[in-house]
Structures are given as structure tokens and as C-alpha cells.
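# Curious how this folds, go ahead:
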Amino acid sequence: MTASHAIKILAIYKFVDQPDFETLKAPLGEFCCGRGIKGTLLVAPEGINGTVAGAPEAIDELVGWLSDGNVFGGRFRGAEIKYSFAESQPFYRMKVRLKSEIVTLRAPEANPGRQVGTYVEPEDWNDLIDRDDVIVIDTRNDYEVALGTFRNAKDPHTTSFTEFKDYVSETLDPQKHKKVAMFCTGGIRCEKASSYMLAQGFGEVFHLKGGILNYLEHVPEDKSLWDGECFVFDERVSVGHGLKIGDAQLCRACRQPLTPADRERAEFIEGVQCHHCAGEENAARREAAAERQKQIELAAARGEAHIGEDVKKAAEERRLANKARREADRIRNTKGSR
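Prediction:
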């Protein structure tokens, strides 16, 4: 599969206690930048989480180093890893960020390293969520759920993962909801949510191993209980069954994912606004978005990128070309005046 794809995308996470997490920023950044890998890695006392992309051989080298490199002492062996592929680099730069949590819940009692729910393989997920005595909960944010979810799943209508605690306290009851199944994009949020639910006294808590992405990769579409597309946090925006890139695009003003139908609405103006943000009284943001879109279109007309290192490179190449032209003009004018 990799032979026909220029870019290999790695999604990785693992919960592991690492009080020395701050020492990992420099070696991770140097390793990735030195091999043309781009994306984001979050490092915290509770583990590692992130998505990066690069040449297949570079990603394979990174995975091997994370597993066996002396700097890590084997702490990342057995990490949850998911691969996908793209024809072009979906990220614009490489970032390694130090955080207090690799997925923010702000609930110290949620510690997957101490207790966690029951992992459910994608092949067994349908049977579980079809049961009448199981409540199925989508632990993602509302804008993600809007693109797609599992049939009959509950939408907590959260705008951030930290609000999941409020949903649990206001909506769920350990005495009434004795079996709870949860899912998220790659498995990390529902894994931490399962630890939180157990700490709140819920008896049987299940979560989809590897998340929606693992399910879409391994469960055939004709047997799937997934409806729609799955939002992903990179320039692909969404993927479908088989992890094929979906049809969603981001509104460049408010960053909400938009379906093809959303982009047909009257409120939609490419790069400026969508139906989510058209009514907002924020002229400055709309003007900034319009200017950004103008620059993107100008860059596209020049055959250049507009974001990140590619822009810097293109700008430097333009500067040198202009300098060369000015020097040529100077020499030509000097000869003409003799």
C-alpha cells in the first residue's frame, strides 16, 4: 500500500507515567525535523499523543525509535498506533508541545494507567452496541458528531472534552446505566472517559479499541453501523470507510467542518464565512478571513503554498529571483550608459 502513496500518517498515543516528560521535547523535535516529518506530538506526565506525517521510511524509523530508543527506555512500547496514507503532506510544520494532559479532561481521578474500561475490538463492536441493555455514547465534540456517528449513539452536545464530566453528572446514573459503551476518533478520549466513568461508580464500561478510525479500517462498509464521515484533526478534514479522504472541508473563518451540502448554502463564501459564523458580528474576523483567502488564491495562481515552511521557502525564492532581476537590470543599464 505504501508504494503508491507518498505520505504515511501516524496517529499514536499511550498513557504512561513519565515525570521526566519535559526532557523529551528537544530529541523528539530534532528527530522529526531532521527527517521531514510534520505534525504535532503532545507530551505530558501521563503519556504521549499526536499525529505526524512524512515519507513512509521516515515514519517507520520514528516508530522504531519511539519503541526502542535509549532516550525513552521502552516506555512507548505497545502504544496505540494507527496508520493512514495521503498523496501530499497534510501538515505544515512540526510541533512538540509540553502539556499537563495528553487529552484534557481536568479530572485527576481519571487515570487510565490505574484503571480503564474494557477494550472492544472493531469486529465485536456491532454486537455490543446492538444490545438493548447498553447505552452508547459518542465522547467527541458536537462539530465532530455532526459529520457522522454510530447509529443510535447518544450525542452529549459538548464543545470540549472537559464538558464530558458535566454530561455524566447531569445525564447518567450508575444505578440506571449499568453498561456503557463509548467511542471517539482514535480511542484516546474514550479510554480516558472510561477511567473517569469507573471512578464515578459505573460498573461495566466498554470502549472501542483504536476508535472510529480502527473500525472504519477493519469493518466492511456493508456490515458497518457507522453513518457519515469521521472528522480528523488535519487538512484531510474527514475520512470514510477504508480511511478514504472524505468530502468535508473546513470553514477558514470559524474552522467548523462543512459538508458539500453546507457549502451549497447561501451563507457560504469560500474562505470568508459559512452558515455557522455568517451571523456573527465580527467584521474584523471576516475581513481577515477575506484577506487570507485572497492571499491563498494569489499563492495558488503562482503555484505556491500559503502556509508554513513552504511559504517561507517560496518567499525566499521570490526574493532571490527579484534580486537577480534587479542585478541584471543594473548591469544592463550600466552597459547602456557607456
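# Please report the distance of the most centrally placed residue in the chain from residue 14.
Closest residue to the average C-alpha location of the chain: residue 233 at 2.5 Å, with CA atoms, centre = their mean. Using CB to CB, to the nearest Å, residue 233 is found at 18 Å from residue 14. The way it works is simple: take the backbone N, C-alpha and C, and place the C-beta from them, glycine included.
# Buried ones in stretch 163-172, by neighbour count?
164, 165, 167, 168, 172 (16 or more other CB atoms under 10 Å).
# make that stretch 14-26, sorry
So stretch 14-26, judged by 16+ other CB under 10 Å, has buried residues 14, 15, 16, 18, 21, 24.
# now swap in stretch 188-204 and tell me
Neighbour-count burial for stretch 188-204 [16+ other CB under 10 Å]: 188-198, 200, 202.
# Any idea how far it is from the middle of the chain?
22 Å (CA atoms, centre = their mean, to the nearest Å).
# Dump the C-alpha coordinates for that stretch into PDB.
Output of stretch 188-204 as PDB, limited to C-alpha atoms (Å, rounded to 0.1, in the frame of the first residue of the first chain):
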ATOM      1  CA  ILE A 188      -7.700   8.100  23.500                       C
ATOM      2  CA  ARG A 189     -10.700  10.200  24.700                       C
ATOM      3  CA  CYS A 190     -13.000   7.200  25.300                       C
ATOM      4  CA  GLU A 191     -10.200   5.400  27.100                       C
ATOM      5  CA  LYS A 192      -9.700   8.300  29.500                       C
ATOM      6  CA  ALA A 193     -13.500   8.700  29.700                       C
ATOM      7  CA  SER A 194     -13.800   5.000  30.700                       C
ATOM      8  CA  SER A 195     -11.400   5.600  33.500                       C
ATOM      9  CA  TYR A 196     -13.400   8.600  34.700                       C
ATOM     10  CA  MET A 197     -16.700   6.600  34.500                       C
ATOM     11  CA  LEU A 198     -15.300   3.800  36.600                       C
ATOM     12  CA  ALA A 199     -14.100   6.300  39.200                       C
ATOM     13  CA  GLN A 200     -17.700   7.600  39.300                       C
ATOM     14  CA  GLY A 201     -19.100   4.200  40.100                       C
ATOM     15  CA  PHE A 202     -20.300   2.900  36.800                       C
ATOM     16  CA  GLY A 203     -20.000  -0.900  36.800                       C
ATOM     17  CA  GLU A 204     -19.400  -2.000  33.200                       C
END
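# can you give me the offset of stretch 86-97 from its chain's centre?
Centre to centre, stretch against its chain (CA atoms, centre = their mean), the figure for stretch 86-97 is 11 Å.
# Now do the residue lying closest to residue 219 once chain neighbours are set aside against residue 80, distance only.
Counting by CB to CB, 6 or more residues apart in numbering, residue 219 lies nearest to residue 122, which is 5.3 Å off, once chain neighbours are set aside. Using CB to CB, we find residue 122 at a distance of 13 Å from residue 80.
# Need the residues touching each of those two.
Shared contacts of residue 122 and residue 80 (CB atoms under 8 Å, 6 or more residues apart in numbering): 209, 210.
# Pull the contacting residues for the nearest residue to residue 146 once chain neighbours are set aside.
Counting by CB to CB, 6+ apart, residue 257 is the residue found nearest to residue 146 once chain neighbours are left out, at 7.3 Å. Residue 257 makes contact with 143, 144, 146, 147, 231, 237, 238, 248, 249, 250, 251, according to CB under 8 Å, 6+ apart.
# Would you agree the fifth one is in contact with residue 238?
Meaning residue 231. Yes. Applying CB atoms under 8 Å, one finds residue 231 in contact with residue 238, separated by 5.4 Å.
# joint contacts of these two?
Contacts common to residue 231 and residue 238, judged by CB under 8 Å, 6+ apart, are 147, 148, 248, 257.
# any idea of the pLDDT on the last one?
The score at residue 257 is 93. That number is its pLDDT.
# can you start the count at 762 instead of 1 from here on
OK, 762 is where the count begins now, so the last one is residue 1018.
# now the helices for the stretch 912-1061 of the chain?
In the stretch 912-1061 of the chain, the helices defined using DSSP state H, counting those that start in this stretch lie at 925-932, 949-960, 972-979, 1044-1062.
# residue contacts, the residue lying closest to residue 892 once chain neighbours are set aside?
Of all residues not flanking residue 892 in the chain, residue 940 sits nearest, at 7.5 Å (CB to CB, 6+ apart). By CB under 8 Å, 6+ apart, residue 940 lies in contact with 892, 894, 895, 896, 964, 965, 967.
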